[in-house]
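Peer 1: Return a 3D structure for these sequence lines:
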Amino acid sequence: MADGSVPQSATDHARSIPLDEIDVSHPELWRTDSHWPYFERLRREDPVHYCKDSLFGPYWSITRYNDIMAVDTNHQVFSSEAALGGIAIVDQGADLRLPMFIAMDPPKHDVQRKVVSPAVSPANLAVLEPMIRERAAKILDELPRGETFDWVDRVSIELTTQMLATLFDFPFEQRRKLTWWSDIATTIPAEGMLVETEEAKLAILMECLGAFTELWNERVNAPPQGDLISMMAHAEATRNMSPEEYLGNLILLIVGGNDTTRNSISGSVYALNKNPDQYAKLRANQELIPSMVSETIRWQTPLAHMRRTALEDIELSGKLIRKGDKVVMWYVSGNRDDTVIAEPDRYIIDRERPRQHMSFGYGIHRCVGNRLAELQLRVIWEEILKRFPVIEVMGEPERVPSPFVKGYLNLPVRIPA
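Peer 2: Numbering: from 1, shown residues only. A predicted model of the protein is given here:
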């Protein structure tokens, strides 16, 4: 597989296991990057697949590009509503049920989304670009030469967290709190994980709410500004949000602005190292950076899935999905569907249609910050190629053990002296 080597045992197991026993949500498959052959088999033999037993309860897997599109664009039948479980395969527990606009259906979704959209409008991105470039340059110039370091921590997290702090106008010296809260929000509590219980997770998210409530109170009593908190505090659709809804929208904006871009930045370094012919092609022609960015976002798929809940019985590709069923759209699988994307397992930075991918979702819930993500990736690579002939990956990354955030805990790299 293009994402490194899937152990032969995983490939054999994926081929031999009875179809109804396949559970692509198991965190271990994501930690070891060995989910690929299971998705390949589901796309081929059972593209709308029911798993009756998993860590997250029973669920449907939608694994082909066009079926995912059908679900993602039909919000009349497939709901994102937090009260029904939200947007991830992990059901939001009753004590942690955070309404956020991505986990809402129209009309409320539409008006809340509109409030924050100006922050990531083309006009505002043009204003942000010089600042992103200046920060990217500083981060890169401070990297060590000739010694191994963690790219995730030094570059991917640092660039995206600085950007988030700016969008929120959050105290800059405390910006790593944003990274911490993002990681906590997407962690599945278990022994040995960042948090071991739902209670511990909730306590940390309440700290996040406390910090942001102070900022809200400052902004609501000041004239409207261009940061996300001020926008929410002054807008008709959001200024009377409950604390839970405010926290929900904060988590959405923090995770959306952090995990996705950060894992695509790490993924680009990893992918180019795995495909040295493509790295050489990029160095030879830097006009390929925008298409390399889109190809990386497809190849990486930084959020592996989004989930919906069926509001009524519906047939999809010959299967009857019942009202109340959990339906998981595996973007990571749709992005490898060879009936729609040519040679999808290959990383090809000059694809004919590089933006034909589902990593940002479709329809009304399409990622609001997708252009900002692309901008950050483009700028960091423009600055990298000015400075370093090559960034060498020195070992396999440690991956996030989650079927939701498809990312890297660390990535050891070296810039030759």
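
Peer 1: can you pull the contacts of residue 380?
Peer 2: Residue 380 sits next to 136, 140, 155, 159, 265 when contact means Cβ atoms under 8 Å, 6 or more residues apart in numbering. Quick note: C-beta positions are derived from backbone N, CA and C, even for glycine.

Peer 1: ok, of those, which one's closest to residue 237?
Peer 2: residue 159 (30.6 Å; Cβ to Cβ).

Peer 1: Using the three-state scheme, assign the closest one.
Peer 2: Under the three-state scheme (DSSP: H, G, I helix; E, B strand; the rest coil), residue 159 adopts helix.

Peer 1: my guess is it meets residue 265, correct?
Peer 2: Yes: assessed by Cβ atoms under 8 Å, residue 159 is found in contact with residue 265 at 6.7 Å.

Peer 1: As TSV, the contacts of residue 380 with pLDDT and distance to residue 325 would be great.
Peer 2: Converted to TSV, these look like this (pLDDT from 0 to 100; distance: Cβ to Cβ, whole Å):
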residue	pLDDT	distance to residue 325
136	93	44
140	97	47
155	95	41
159	88	39
265	95	36
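
Peer 1: In those residues, which residue is surrounded by the most others?
Peer 2: Across the contacts of residue 380, neighbour numbers were computed from other Cβ atoms under 10 Å; residue 265 holds the maximum, 30 neighbours.

Peer 1: secondary structure element for it?
Peer 2: Per DSSP states H and E, residue 265 falls inside helix 243-274.

Peer 1: can you give me how far that helix is from the chain middle?
Peer 2: 5 Å (Cα atoms, centre = their mean, to the nearest Å).

Peer 1: so which two of the contacts of residue 380 are the farthest from each other?
Peer 2: Farthest pair in these, by Cβ to Cβ: 140 and 265, 11.7 Å.

Peer 1: next structured bit after the worst-scoring helix or strand of the chain on mean pLDDT?
Peer 2: Lowest mean confidence among the helices and strands of the chain (mean pLDDT, DSSP states H and E): helix 108-116, at a mean of 66. Sequence-wise, the next helix or strand downstream of helix 108-116 (DSSP H and E) is helix 122-141.

Peer 1: Could you check how far that next one is from the centre of its chain?
Peer 2: 21 Å.

Peer 1: do stretch 384-393 as well
Peer 2: 25 Å.

Peer 1: One more: stretch 327-334?
Peer 2: Chain-centre distance of stretch 327-334: 13 Å, with Cα atoms, centre = their mean.

Peer 1: Can you tell me what sits against it?
Peer 2: So stretch 327-334 is contacted by 24-25, 35, 39, 42-43, 59-65, 68-69, 71-72, 78, 89, 301, 303-310, 321, 340, 358-359, 361, 406 (Cβ under 8 Å, 6+ apart).

Peer 1: now do stretch 36-44
Peer 2: With Cβ under 8 Å, 6+ apart as the test, stretch 36-44 has contacts from 1, 3, 6, 10-11, 14-15, 19, 22, 24, 29, 49, 61, 63-64, 330, 332-333, 336-337, 345.

Peer 1: quick check: mean pLDDT across it?
Peer 2: What stretch 36-44 shows for mean pLDDT is 97.

Peer 1: Make residue 1 into 569 and carry on from there
Peer 2: In the new numbering, first residue 569, that becomes stretch 604-612.

Peer 1: From the contacts of stretch 895-902, which land in helices?
Peer 2: Counted as lying in helices by DSSP state H, out of the contacts of stretch 895-902, are 607, 610, 611, 633, 636, 637, 639, 640.

Peer 1: Could you find the closest non-adjacent residue to residue 765?
Peer 2: Counting by Cβ to Cβ, 6 or more residues apart in numbering, residue 765 lies nearest to residue 757, which is 5.3 Å off, once chain neighbours are set aside.

Peer 1: now the one you found: how far from residue 817?
Peer 2: 22 Å (Cβ to Cβ, to the nearest Å).

Peer 1: Which residue of the two possesses the greater neighbour count?
Peer 2: residue 817 (26 against 17).

Peer 1: how close does that one sit to residue 737?
Peer 2: 16 Å.

Peer 1: For this structure, which residues score under the pLDDT cut-off?
Peer 2: Along the chain, segments meeting pLDDT under 70 span 569-575, 660-681, 683-684, 687, 932-934, 936-937.

Peer 1: What segments of it are strands?
Peer 2: 616-619, 627-630, 646-647, 716-718, 873-878, 882-884, 887-889, 894-898, 960-961, 966-967, 976-978, 980-982 (DSSP state E).

Peer 1: And those strands: which comes nearest residue 765?
Peer 2: strand 976-978 (20.8 Å).

Peer 1: For the closest one, buried residues please.
Peer 2: Residues of strand 976-978 classed as buried: 976, 978 (neighbour count, 16 or more other Cβ atoms under 10 Å).

Peer 1: sorry, back to before: right, and the strands of the chain - which one's nearest residue 780?
Peer 2: The nearest among those, by Cβ to Cβ, is strand 873-878 at 24.5 Å.

Peer 1: same for that closest one, what does it pack against?
Peer 2: strand 646-647, strand 894-898, helix 899-902 (3 or more Cβ pairs under 8 Å, 6 or more residues apart in numbering; DSSP states H and E).

Peer 1: quick one, which of the ones you listed is packed in tightest?
Peer 2: helix 899-902 (a mean of 28; mean count of other Cβ atoms under 10 Å).

Peer 1: Drop anything exposed from the contacts of stretch 604-612.
Peer 2: 571, 574, 578-579, 582, 590, 592, 597, 617, 629, 631-632, 898, 900-901, 904-905.

Peer 1: circling back to that earlier point, redo the strands of the chain as JSON lines? Include distance to residue 839.
Peer 2: As requested, the strands of the chain are exported to JSON lines (distance: least, Cβ to Cβ, whole Å):
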{"stretch": "strand 616-619", "distance to residue 839": "28"}
{"stretch": "strand 627-630", "distance to residue 839": "25"}
{"stretch": "strand 646-647", "distance to residue 839": "31"}
{"stretch": "strand 716-718", "distance to residue 839": "18"}
{"stretch": "strand 873-878", "distance to residue 839": "20"}
{"stretch": "strand 882-884", "distance to residue 839": "32"}
{"stretch": "strand 887-889", "distance to residue 839": "34"}
{"stretch": "strand 894-898", "distance to residue 839": "20"}
{"stretch": "strand 960-961", "distance to residue 839": "10"}
{"stretch": "strand 966-967", "distance to residue 839": "14"}
{"stretch": "strand 976-978", "distance to residue 839": "12"}
{"stretch": "strand 980-982", "distance to residue 839": "13"}
